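In: my questions concern the predicted model and sequence given below.
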Amino acid sequence: MVILPRSFYKRSTTEVARELIGKVIVRRLKDHKLSGVIVETEAYGQADDPASHAFRGMTKRNSVMFGEVGTAYVYFTYGNHHCINITARNRLLAGAVLIRSIAPQEGISEMKRLRARDDHHVLTTGPGKLAQAMNITCSQNGVDVTEPDSELTIEDGSPCRMVIATPRIGISRGKELQWRFIDPSSEFLSRKTRLASLQVK
DNA sequence: CTCTCGATTACCT
DNA sequence: GGTAATCGAGAGC
């Protein structure tokens, strides 16, 4: 497979979030290779986006969002969970795309062990779940996902037939923005989605 | 320094 | 459908 080049991430976060649907996230561990097809993402901006960690400027936690694009931004939340983003932007100072759900591909038995769950469908269907299934923690914050030898990369996949935009999940501000992107045919979305209410693009 | 609350999940009714 | 768990970031004093 081909690793997506840095130029892929030099666009608006909404474009990158849409384009990441159907791409493959690959995690290389000492004894295992884990991978999955991205089926759900969310775009986060900066001054244009009150839901973004970067909205109020740079802090210790979000500094990666202000650095080179194509970098993993991992943060810890709700006292239990890690979430992984890939930094992206064009005109703004900061930006990132949250990977919300993947369809597991390689290393499923190891993912089951890491998650302590046997059910295929609950392994990676949520940002906290997929981070746990791929053993992603703050140790991966700042990792370059465009480097072939990286412990974490994003690779090309088969083109997705359809991508739909919806409101983002779990936020209190910026709810009106349709910055969540899904492959509506996937069985591995973090939530059941009512297609009738969606904006198709 | 203290306090609030979160880009969530799992388990309950 | 509702909510407890859990703890660090960051905002406010």
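Out: Ah, there it is. Bear in mind the structure is a predicted one, so any value in this text is a computation, not a measurement.
In: residue A:25 sits in which helix or strand?
Out: Residue A:25 is part of strand A:24-28, with elements assigned from DSSP states H and E.
In: ok, that strand: who's next to it in the sheet?
Out: Within its sheet, and counting by DSSP bridges, strand A:24-28 is paired with strand A:33-44 (antiparallel), strand A:152-155 (antiparallel).
In: can you give me the helices in chain A?
Out: For chain A, the helices defined by DSSP state H occupy A:13-19, A:108-115, A:127-133.
In: list the contacts of the longest one.
Out: The reference is to helix A:108-115. A:29, A:32, A:34, A:104, A:118, A:120, A:122-124, A:129, A:132-135 (C-beta atoms under 8 Å, 6 or more residues apart in numbering). C-betas here are computed from N, CA, C, even on glycine.
In: what's the neighbour count on residue A:23?
Out: Close neighbours of residue A:23, defined as other C-beta atoms under 10 Å, add up to 23.
In: verify the contact between it and residue A:36 for me.
Out: No: using C-beta atoms under 8 Å, residue A:23 and residue A:36 do not qualify as a contacting pair, with a distance of 10.2 Å.
In: partner residues bridging residue A:73?
Out: Note on residue A:73: beta-bridge partners by DSSP bridges are residue A:85.
In: so it sits against residue A:143, correct?
Out: No: if you go by C-beta under 8 Å, residue A:73 and residue A:143 don't touch, sitting 9.6 Å apart.
In: residue numbers of chain A in contact with DNA strand B?
Out: Neighbours of DNA strand B within chain A, by C-beta under 7 Å from any atom of the strand: A:42, A:44, A:51-54, A:62, A:65, A:73, A:77-81, A:83, A:85, A:96, A:98, A:100, A:115, A:117, A:122, A:126-130, A:168-172, A:190.
In: just the residues you listed: which are in strands?
Out: Among these, the ones falling in strands (DSSP state E) are A:42, A:44, A:73, A:77, A:81, A:83, A:85, A:96, A:98, A:100.
In: between these, which is closest to DNA strand C?
Out: Closest approach between these and DNA strand C, by C-beta to the nearest atom of the strand: residue A:77, at 7.4 Å.
In: gap between that closest one and residue A:83?
Out: Residue A:77 sits 6 Å away from residue A:83, going by C-beta to C-beta, to the nearest Å.
In: who touches both of these two?
Out: Residues touching both residue A:77 and residue A:83 (C-beta under 8 Å, 6+ apart) are residue A:128.
In: just send the helices of chain A back as JSON lines, with distance to DNA strand C and mean pLDDT too.
Out: Shown next, in JSON lines, are the helices of chain A (distance: least, C-beta to the nearest atom of the strand, whole Å; pLDDT from 0 to 100):
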{"stretch": "helix A:13-19", "distance to DNA strand C": "18", "mean pLDDT": "98"}
{"stretch": "helix A:108-115", "distance to DNA strand C": "16", "mean pLDDT": "98"}
{"stretch": "helix A:127-133", "distance to DNA strand C": "10", "mean pLDDT": "98"}
